[in-house]
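# Got a predicted structure plus its sequence, pasted below:
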Amino acid sequence: MLLAVAVAAVALTLVVRAPERPRTGLYAVTGTRLLRVPRHAVQGVVVTLGPGRLDARRGPEGWTVDGRPAAPELARALDDLVDTLVHLRAVDAFRGEVQAGFELDPPRGTIDLLTPRGRRRLVLGGLNGAGTAVYARRDGDRRTFLVGTYLLSQLETALHRRDAATAAAAH
């Protein structure tokens with residue numbers, strides 16, 4: 001009898017799969033990757049958001065903004081922005097030519113990632129009805145995507161850090 005229980009236990013161990021662990025962190029994110037660029041390939045970021053504009057280039061010595069070396073706070077904000085952009089995924093996607101309500105023409109802002117293979121552009125529109133996501137479109141893609149407003153926060157932080165560094169340099 002004990003032998004039969006042991007054989008049944010071994011058989012169940014081989015047949016029954018262990019429960020899968022839920023994905024967490026970055027591995028739990030789903031949705032379309034919007035810019036599909038590896039972090040190391042990003043050579044520059046050009047951002048326009050409303051009246052603000054930032055033109056940052058990454059070289060062997062670090063970031064330069066508008067032709068001048070970036071302050072440490074601005075360099076960290078640019079690194080954070082690049083991390084956000086290379087991992088950016090859509091919350092939702094809409095197909096078709098109807099773009100009413102997305103406020104993409106004229107756009108609220110643009111983001112250009114500069115890489116050895118060329119420029120990757122993301123055009124930003126208005127907020128969704130709940131104010132939790134922003135509409136966006138990639139160059140050459142007819143779909144419109146919803147992206148979390150965290151992206152806007154990252155862009156505003158980089159622009160603010162650039163303005164603060166410019167003001168500090170003027171004094």
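The structure has been received and is ready for your questions.

# How many residues are close by Thr64?
The number of residues packed near Thr64 is 16, by other C-beta atoms under 10 Å. For glycine as for every other residue, the C-beta is placed from the backbone atoms N, C-alpha and C.

# What of Pro22?
Pro22: 7 surrounding residues under other C-beta under 10 Å.

# Just the element for it, please.
Using DSSP states H and E, Pro22 sits in no helix or strand.

# dump the residue contacts of Ala71.
The contact partners of Ala71, by C-beta atoms under 8 Å, 6 or more residues apart in numbering, come to 161, 164-165, 168.

# gap between the one helix or strand Leu3 maps to and the chain center?
Secondary structure assignment for Leu3, by DSSP H and E: helix 2-15. Chain-centre distance of helix 2-15: 50 Å, with C-alpha atoms, centre = their mean, to the nearest Å.

# and Leu104, what does it touch?
Residues near Leu104 by C-beta under 8 Å, 6+ apart: 123-126, 135, 137, 144.

# again, only this time at 6 Å
When contacts are counted by C-beta atoms under 6 Å, 6 or more residues apart in numbering, Leu104 touches 123, 125, 137.

# Also Val37?
86, 113, 115, 120.

# Over to it. Which of the three states is it?
At Val37 the chain is in coil, as set by DSSP: H, G, I helix; E, B strand; the rest coil.

# Share the number of residues neighbouring Gly67, please.
Residues lying near Gly67 (other C-beta under 10 Å) number 7.

# count of residues packed around Pro60?
Pro60: 4 neighbours (other C-beta under 10 Å).

# try the one 5 residues further on
As a burial measure, the neighbour count of Val65 was computed by other C-beta under 10 Å and equals 21.

# Kind regards, and thank you for your time.
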